[in-house]
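Peer 1: Mind looking at a prediction? Sequence and model below.
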Amino acid sequence: MKNQSQWKTSTGFILASAGSAIGLGAMWKFPYMAGVYGGGAFLLMFLIFTLLVGLPLLIMEFTVGKMGRTYTTKIYEKLTARKWLNIIGWNGNLAVFILFAFYSVIGGWIIIYLFRVLIQLISFNSASLNKINFDHIIANPWLTILGQGVFILLTMIIVMLGVEQGLEKASKFMMPLLFICLIVIVIKSLSLHGAMSGVRYILQPRLEDISIKGILFALGQSFFTLSLGTTGMITYASYASKEMTIKTSAISIVIMNIFVSVLAGLAIFPAISAFGYKPTEGPGLLFKVLPSVFEQMSFGTFIYFIFLILFLFAALTSSISLLELNVSNFTKNDNTKRKKVAIVASILVFLLSIPATLSFSSLSFIHFGAGTIFDNMDFLVSNILMPLGALGTTLVVGYLLKVDVLKQFFGNDRFKFFLPWYLLIKFVLPIIIIIIFIAQFF
Ligand code: PFF
């Protein structure tokens, strides 16, 4: 990554940004949020926000990255000649730092489950998958800290060695495999007795389930899944060459994200109604429900193992983009400092991730603001820092950048909707973000 054109082909760029976007957000966070905030109503709001807010913002971030071609704590100054605007980049950097800390808690859970299932497989143990007791696992601080430590370590090694590109190549087949695996789970889930009420729960929007909080969290969810407002996508686009088709990339990422989120919903909710779980289970939802589904499949333990590997892979392609942003900002794209910065940032993230993981065990008694320490970290990132970052960039793009230059970088390919996009960015989206942002304080 010594110069700015890291990717020689559009595919590399799409794979990297899709890898950053598709991760725990769609598979773990979407079902748990939908379960808490009204099922179908949440899905509807999420779809509206993703298409009307998320997609134009993603195109915006790609355009800014392509124009600025530098790290994001510098890019705003480079584009506008106003140094103080780099604060948007620092806001994004702070966001990914905290995000990585609580993201690694869930990454750690995947690793713990993976080991449990592996041990069961190699010892030919036919015990029920339901024996893997989620509450037991998260109540063990040492085990969970170890799990997240391993997750951060894996991310660090990949980023230190600069082998992300290898991982992105692997995602060419890992992603489709993940889709197939999700479809298999959905089919099994739908065939369960009593599945239909779960399908109705997630697909049928009930107006009475729409709440201000739900709207707020649905917006936060589209920011989270599309990695928006952290400037992570700006960083990736800054490595892309001028010919990259940003709109096609953005559209395919948005479609894939919606696809995975809906599949995750259709995998989880039918099983919730079939097995009598509570949709409002919270962050542990996926981990509690899925073993019961695999339990019903032939070769279920083995397929669960494969699923966990693919799930971990998807989480890692996102976490490397989180660490990569720090590396890019603190090395100022000087590769000789890469290893040092990756190590220091990872150690700091690990320290910050400890209170996040302990909010499920020894620190679970601490409740304030949005809930536990973990909930507050997520809220701060998804509902405050990400929208603020995106708002800052919309204002820069709408009011400080020259329209003709913007248009040139926006590209003149198949999708020629520059004007509606520009008007959205300049007039509509800042107002939507501000209204929803303020609404949360009432
Ligand atoms: N979009 C990722 C996910 O849904 O798992 C999370 C994420 C990655 C957010 C990178 C922000 C970011 F910069």
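Peer 2: Arrived safely, thanks for sending.
Peer 1: Get me the contact residues on the stretch 101-250 of the chain for the ligand.
Peer 2: 224-225, 227, 230, 232 (C-beta under 6 Å from any ligand atom). In this view, the C-beta of every residue, glycine as well, is placed from N, C-alpha and C.
Peer 1: where does the chain have low pLDDT?
Peer 2: Under the criterion pLDDT under 70, the flagged ranges of the chain are 1-8, 242, 413-415.
Peer 1: give me every residue that touches whichever residue of it sits closest to the ligand.
Peer 2: For the chain, the nearest residue to the ligand under the criterion C-beta to the nearest ligand atom is residue 25, separated by 2.1 Å. If a contact means C-beta atoms under 8 Å, 6 or more residues apart in numbering, then residue 25 has 221, 224-225, 257, 318 as its contacts.
Peer 1: Likewise for residue 207?
Peer 2: Taking C-beta under 8 Å, 6+ apart as the definition of contact, the neighbours of residue 207 are residue 41.
Peer 1: give me phi/psi at residue 368?
Peer 2: The phi and psi values for residue 368, taken as degrees, to the nearest 10, are phi -160, psi 170.
Peer 1: Where do the helices of the stretch 301-442 of the chain begin and end?
Peer 2: Counting by DSSP state H, counting those that start in this stretch, the stretch 301-442 of the chain forms helices over residues 338-358, 373-379, 386-399, 403-410, 418-423, 429-439, given from the N-terminal end onward.
Peer 1: What of the stretch 101-250 of the chain?
Peer 2: All helices of the stretch 101-250 of the chain, identified by DSSP H, counting those that start in this stretch, fall at 134-138, 141-161, 164-190, 195-203, 212-225, 232-238, 246-275.
Peer 1: would you turn those into a markdown table with mean neighbour count?
Peer 2: Supplementary listing: those in a markdown table, determined by neighbours: other C-beta atoms under 10 Å:
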| stretch | mean neighbour count |
| --- | --- |
| helix 134-138 | 17 |
| helix 141-161 | 19 |
| helix 164-190 | 17 |
| helix 195-203 | 18 |
| helix 212-225 | 24 |
| helix 232-238 | 30 |
| helix 246-275 | 22 |
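Peer 1: Buried residues, stretch 89-96. List them.
Peer 2: Judged by neighbour count (16 or more other C-beta atoms under 10 Å), stretch 89-96 contains these buried residues: 89, 91-93, 95-96.
Peer 1: and the residue of the chain closest to the ligand, what are its phi and psi?
Peer 2: Phi and psi for residue 25, reported as degrees, to the nearest 10, are phi -60, psi -50.
Peer 1: Would you mind measuring from it to residue 442?
Peer 2: Distance check for residue 25 against residue 442: by C-beta to C-beta, to the nearest Å, it reads 27 Å.
Peer 1: and what of residue 173?
Peer 2: As judged by C-beta to C-beta, residue 173 and residue 442 stand 48 Å apart.
Peer 1: and what of residue 431?
Peer 2: 17 Å.
Peer 1: Likewise for residue 275?
Peer 2: Remark: distance between residue 275 and residue 442 (C-beta to C-beta) = 38 Å.
Peer 1: cool, and residue 225?
Peer 2: With distances defined as C-beta to C-beta, the gap from residue 225 to residue 442 amounts to 26 Å.
Peer 1: can you put the residues of the stretch 101-250 of the chain next to the ligand in a markdown table and add distance to residue 367?
Peer 2: What follows is these, written out as a markdown table (distance: C-beta to C-beta, whole Å):
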| residue | distance to residue 367 |
| --- | --- |
| 224 | 22 |
| 225 | 27 |
| 227 | 29 |
| 230 | 27 |
| 232 | 30 |
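Peer 1: Nearest to residue 333 among those residues?
Peer 2: For those, the minimum distance to residue 333 (C-beta to C-beta) is 15.1 Å, reached by residue 232.
Peer 1: residues near the residue lying closest to residue 169 once chain neighbours are set aside, how many?
Peer 2: Closest residue to residue 169 apart from its sequence neighbours, by C-beta to C-beta, 6 or more residues apart in numbering: residue 15 at 7.4 Å. Taking other C-beta atoms under 10 Å as the criterion, the count of residues near residue 15 is 23.
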